[in-house]
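Q: 3D model of this:
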Amino acid sequence: MIGRTKEIAILEDASQTDRPEMIAVIGRRRVGKTYLIRSFFEDQIDFEMVGLKDGNNERQLRNFVFSLEEVTGRVLAAAEMPTDWLGAFHLLRKHLESLSEDKKKVVFIDELPWAANPRSDFFTGLSYFWNSYGSKTNVVFIICGSATAWMIKKVINNKGGLHNRVTRKIILRPFSLAETEAYFQSRQISFNHYQLVQLYMTMGGIPHYLDQVVGGKTAIQNIDSICFSQEGLLRTEFDNLYSSLFTHPERYEKIVAILATTWRGMSRKEIVKLSGFTDGGGITTILQELEQSGFITAYVPFQKKKKNTLYRLTDNYSLFYLKFIKPLPPSLDGSWITLSQTQSWKSWSGYAFENICLQHIDKIKAKLGIAGIQSQGFSFLAKGTDELEGTQIDLLIDRADNAISLCEIKFYNDHFLLSKKEAEGIRKKRTLFRQFSRTKKQIFVVLITTYGSLKSKHSLGLIDNEVRMEDLF
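A: Numbering: from 1, shown residues only. Sure thing, here's the model as predicted:
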């Protein structure tokens, strides 16, 4: 298995204790939650059920019965059929009680949000099972779901019979760049770092998306077939992605589409105005759930207060889809080979690479030698005044060693040569930042590029540190 060392350690520890364990596994669709659990426990799972998307309560119960019959090898008699979840979990208890006590029993409920639909009494049955049996038995009960916000609210922060019952939590995140490289290597597919970054810009580190990539083709060729052909998985994945996670996906998609129109992020007030939604609790819930699900990032700009929070779309695939795939007529194939040569791509790629840098800020800190120093990453945006010109900075790292790393991020297909105009722009940013922030800290200018930069008279005395694409792996 690629990566997942922390997650595997949690599962190993839970499987070796002599006490009951309830583990909540959350993470977005296609990130590999089911694969992780099945790969780790293999044939040790004593009961497994996968919730049915859009299934009513009757069908969910029938699904439960079919799953139970599969592991027991016995067809239930008509009189044994459960009419509610209390009865269903009573049958599960009887099944587990019939098994040997020599090993820890393992129960796996996958896609719980689909099984526990609003009109069911699922949590009544689950609470009965856990409080009357599970909490007193040597069992590992794994609850898994792609609807991250739902899982946090209904399971982890449950206020009813499951309050404080979750003993461990696993938040499964997309692969990093290094894990993506290792994943392809495990499949005997070799890409250089520039090709890998292009793929990552498009689909992020989502294992199921990466599984569509084939060897012997460039990143551009793979993106062309996966995203722009009629048969490509990511041509239509967007609607499936949001509808699988949210009850009213069109509202979430609208917010995401609005955020995709700007690189700097938007305030709540701006989002309300552009969306046409009322400024009530609904918009708060949507933003919170999009953030918890990993689609957007909320951040407070440098020296600003929480009320100045900006929201930024940071999901790689959503950004790519809304920029390049959605505008295509449904009946036509696109051509990434053509699109990737346009000015629109150059503008988008700069932002997408900036996104990757923010997702790998720990690697940047390590390269700068400040991994052990307390620090925090910010963006910086200052509107112009009568006295000062406005400015925007991609990334600031405010450090506890009385210094600030001012990062300039450039995506380029070769070694980067800083021009006189660009050097003057960086100097101006540094000066304006010091004037706006009034900081007394030492400011180090960091240049983050793909292949590194060529030394020139314009970079001498200006660039203090350099981070290359390879340092992000």
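Q: all strands for the stretch 201-350 of the chain, in order.
A: With strands called from DSSP state E, counting those that start in this stretch, the stretch 201-350 of the chain shows them at 266-267, 296-299, 310-313.
Q: In a markdown table, list the ones you listed along with mean neighbour count.
A: C-beta: built from backbone N, CA, C; applies to glycine. Output for these, formatted as a markdown table (neighbours: other CB atoms under 10 Å):
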| stretch | mean neighbour count |
| --- | --- |
| strand 266-267 | 16 |
| strand 296-299 | 19 |
| strand 310-313 | 22 |
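Q: Of those, which is nearest Thr202?
A: Taking CB to CB, strand 310-313 is the member of the strands of the stretch 201-350 of the chain nearest to Thr202, at 14.6 Å.
Q: Give the other helices and strands that the closest one contacts.
A: Strand 310-313 is packed against helix 249-259, strand 266-267, strand 296-299, with contacts defined by 3 or more CB pairs under 8 Å, 6 or more residues apart in numbering; DSSP states H and E.
Q: Walk me through the domains of the chain.
A: For the chain, automatic domain parsing gives the domain ranges 5-171, 175-358, 360-472.
Q: would CSV of those domains with mean pLDDT be doable?
A: CSV is the format used below for those (pLDDT from 0 to 100):
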stretch, mean pLDDT
domain 5-171, 94
domain 175-358, 93
domain 360-472, 95
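Q: Phi first, then psi, for the residue in the chain sticking out farthest from the centre.
A: Here the centre of the chain is the reference, and by CA atoms, centre = their mean the most remote residue is Ala79, at 45.3 Å. Phi and psi for Ala79, reported as degrees, to the nearest 10, are phi -70, psi -20.
Q: Next, work out how far apart it and Gly87 are.
A: As judged by CB to CB, to the nearest Å, Ala79 and Gly87 stand 11 Å apart.
Q: Ile364: which element?
A: helix 361-368 (DSSP states H and E).
Q: That helix - contacts with which helices or strands?
A: Under the contact rule (3+ CB pairs under 8 Å, 6+ apart), helix 361-368 is packed against strand 391-399, strand 442-449, strand 465-468.
Q: list the contacts for the closest residue in space to Glu389 that isn't next to it in sequence?
A: Excluding the flanking residues, the one nearest Glu389 by CB to CB, 6 or more residues apart in numbering is Leu432, at 6.4 Å. Residues in contact with Leu432 (CB atoms under 8 Å, 6 or more residues apart in numbering) are Ala382, Leu388, Glu389, Gly390, Thr391.
Q: likewise Tyr321?
A: Cys227, Leu234, Glu237, Phe238.
Q: Can I get the strands of the stretch 201-350 of the chain in CSV including distance to Arg4?
A: CSV is the format used below for those (distance: least, CB to CB, whole Å):
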stretch, distance to Arg4
strand 266-267, 34
strand 296-299, 23
strand 310-313, 26
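Q: To Thr34, which of the ones you listed lies closest?
A: In terms of CB to CB, the element of those nearest to Thr34 is strand 296-299, at 24.9 Å.
Q: How far away from the center of its chain is that closest one?
A: Relative to its chain's centre, strand 296-299 lies at 12 Å (CA atoms, centre = their mean, to the nearest Å).
Q: Tell me the strands beside that strand, with direction?
A: Strand pairing for strand 296-299, determined by DSSP bridges: strand 310-313 (antiparallel).
Q: who touches the partner strand?
A: 256, 259-260, 264-268, 271, 287, 291, 295-301, 319, 379, 381.
Q: do that again at 6 Å, thanks
A: With contact meaning CB atoms under 6 Å, 6 or more residues apart in numbering, strand 310-313 is reached by Val256, Leu259, Ala260, Gly265, Met266, Ser267, Ile296, Thr297, Ala298, Leu319.
Q: Next, count neighbours for the second one.
A: It stands for Leu259. Close neighbours of Leu259, defined as other CB atoms under 10 Å, add up to 28.
Q: residues contacting it?
A: Applying CB under 6 Å, 6+ apart to Leu259 gives the contacts Leu313.
Q: Distance check, it against Leu245.
A: Distance from Leu259 to Leu245, by CB to CB: 16 Å.
Q: what do you get for the last one?
A: Between Leu319 and Leu245 the distance is 17 Å, computed by CB to CB.
Q: ditto for the fourth one
A: From Gly265 over to Leu245 the distance is 22 Å, taken as CB to CB.
Q: And for Leu199?
A: On the measure of CB to CB, Leu199 and Leu245 end up 23 Å apart.
Q: Look at Met49 and tell me its secondary structure.
A: Recorded secondary structure, Met49: strand (DSSP: H, G, I helix; E, B strand; the rest coil).
Q: just the one 4 residues further on next, same as before
A: Lys53 carries the three-state label coil when classified by three-state DSSP.
Q: Phi and psi next, for it.
A: Torsion angles, degrees, to the nearest 10, at Lys53: phi -70, psi 130.
Q: what's around it, how many residues?
A: Counted by other CB under 10 Å, the residues lying close to Lys53 total 12.
Q: Secondary structure element holding the closest residue to Glu12 other than its chain neighbours?
A: Sequence neighbours aside, Phe40 is the residue nearest to Glu12 in space, at 8.0 Å (criterion: CB to CB, 6+ apart). Taking DSSP H and E as the definition, one finds Phe40 inside helix 33-41.
Q: and if you look at Ala149?
A: Here Ala149 is covered by helix 148-151, with elements defined by DSSP H and E.
Q: got it, and Ala352?
A: helix 343-359.
Q: on that earlier part again, out of the strands of the stretch 201-350 of the chain, which is closest to Met1?
A: Going by CB to CB, the one of the strands of the stretch 201-350 of the chain nearest Met1 is strand 296-299, 27.6 Å.
Q: Just put the helices and strands packed on strand 310-313 in TSV and tack on distance to Thr218.
A: Below are the helices and strands packed on strand 310-313 laid out as TSV (distance: least, CB to CB, whole Å):
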stretch	distance to Thr218
helix 249-259	29
strand 266-267	35
strand 296-299	30
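Q: Which of the three states applies to the nearest residue to Phe47 once chain neighbours are set aside?
A: Once flanking residues are discounted, Phe47 sits nearest to Val107: 4.9 Å by CB to CB, 6+ apart. Under three-state DSSP, the three-state class of Val107 is strand.
Q: any idea how far the most centrally placed residue in the chain is from Tyr35?
A: The centroid of the chain falls nearest to Gly294 when counting by CA atoms, centre = their mean (3.9 Å). Here the criterion is CB to CB. By it, Gly294 lies 18 Å from Tyr35.
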